[in-house]
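> Sequence first, predicted model second:
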Amino acid sequence: MEDRVRVVIAEDSVLLREGLTRLLTDRGHDVVAGVGDAEALIKTVDELAAENALPDVVVADVRMPPTHTDEGVRAAVRLRRDHPGIGVLVLSQYVEEQYATELLAGSSTGVGYLLKDRVADVRDFLDAVVRVARGGTALDPEVVAQLLGRSRKQDVLAGLTPREREVLGLMAEGRTNSAVAKQLVVSDGAVEKHVSNIFMKLGLSPSDGDHRRVLAVLTYLKS
């Protein structure tokens, strides 16, 4: 299948790990490894990289053994540093702004942060896995809402209209212009105009290339 991707899953709950594996393999994806802690995740990805078999994406829980605090997200940040070509999609029980910001503060491609409840929406979850594997972004709407809510207190977004903030939030979730238009019940042209205004107000020139959508979201995270 055209969107077939190679996945490593890091989740200490055997039940959830097996469930994610079944979900992905049933849709034609290759789950090349499943591990239960951050140390095993890093070791597995390093070994695969040494064999020139780096997976397209890692799906990892934020909290894993031994302390069940931030091992998962720290492993994700390290993997993005050591293997820039790999996508990282982290799953969390709750919105944890510090971890989301830490994860998103590095490279602007191939990153996602979803709440575990979102896995129940199978289509959205699978789309997110493929999108992150292909270098895109996938942010949970609740994560975006909290981060954008915090950023409204900062000057960086002061020039955006409420509608432009709404469009930016949907962009952060990884939605295309057409998907944003459908969600807001407006024309594609109207969305394109809003996106253009966002780029202009945030100082993102055409020279920034295809990553301007992600840079627009990261601008407030880095402010």
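Yep, it's here.
> who's in contact with stretch 133-149?
Contact partners of stretch 133-149, identified using CB atoms under 8 Å, 6 or more residues apart in numbering, comprise 5, 7, 56-57, 87, 89, 95, 97, 100-101, 104, 108-115, 118, 127-129, 131-132, 157, 165, 168-169, 172-174, 213-214, 217, 220-221. All C-beta atoms are positioned from the backbone trio N, CA, C, and that covers glycine.
> same question, stretch 110-118
When contacts are defined by CB under 8 Å, 6+ apart, stretch 110-118 is touched by residues 16, 57, 80, 85-95, 99-100, 103-104, 124-125, 128, 131-140, 142-143, 174.
> So how do I select the buried members of those in PyMOL?
Paste this into PyMOL to select the buried members of the contacts of stretch 110-118, with burial taken from 16 or more other CB atoms under 10 Å:
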select buried, resi 57+80+86+87+88+89+90+91+92+95+99+100+103+104+124+125+128+131+132+133+135+136+137+138+139+140+143+174
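> rewinding a little: would you list the buried entries among the contacts of stretch 133-149?
Applying a neighbour-count criterion of 16+ other CB under 10 Å, the buried members of the contacts of stretch 133-149 are 5, 7, 56-57, 87, 89, 95, 100-101, 104, 108-115, 118, 128-129, 131-132, 157, 165, 168-169, 172-174, 213-214, 217, 220-221.
> Show me the beta-bridge partners of the residue nearest the centre of the chain.
The chain has G112 as the residue nearest its centroid, 1.1 Å off, counting by CA atoms, centre = their mean. According to DSSP bridges, the residues that bridge with G112 are L89, A138.
> picking that back up, among the contacts of stretch 133-149, which are located in strands?
Counting by DSSP state E, those place 7, 57, 87, 89, 111-115 in strands.
> Distance to A33 and pLDDT added to those, as a markdown table?
Supplementary listing: those in a markdown table, determined by distance: CB to CB, whole Å; pLDDT from 0 to 100:
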| residue | distance to A33 | pLDDT |
| --- | --- | --- |
| V7 | 8 | 97 |
| V57 | 12 | 97 |
| G87 | 15 | 94 |
| L89 | 15 | 94 |
| V111 | 20 | 88 |
| G112 | 19 | 88 |
| Y113 | 21 | 87 |
| L114 | 20 | 89 |
| L115 | 24 | 88 |
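> Of those residues, which is the nearest to T21?
Proximity of those to T21 was ranked by CB to CB; the top entry is V7 with 8.5 Å.
> And for the closest one, nearest residue in space, chain neighbours not counted?
Distances taken as CB to CB, 6 or more residues apart in numbering put V31 closest to V7, at 5.0 Å, once the chain neighbours are dropped.
> Tell me how many other residues surround the one you found.
Summarising burial for V31: neighbours were counted as other CB atoms under 10 Å, giving 19.
> tell me the domain boundaries of this structure?
The chain breaks down into these domains under automatic domain parsing: 6-139, 144-222.
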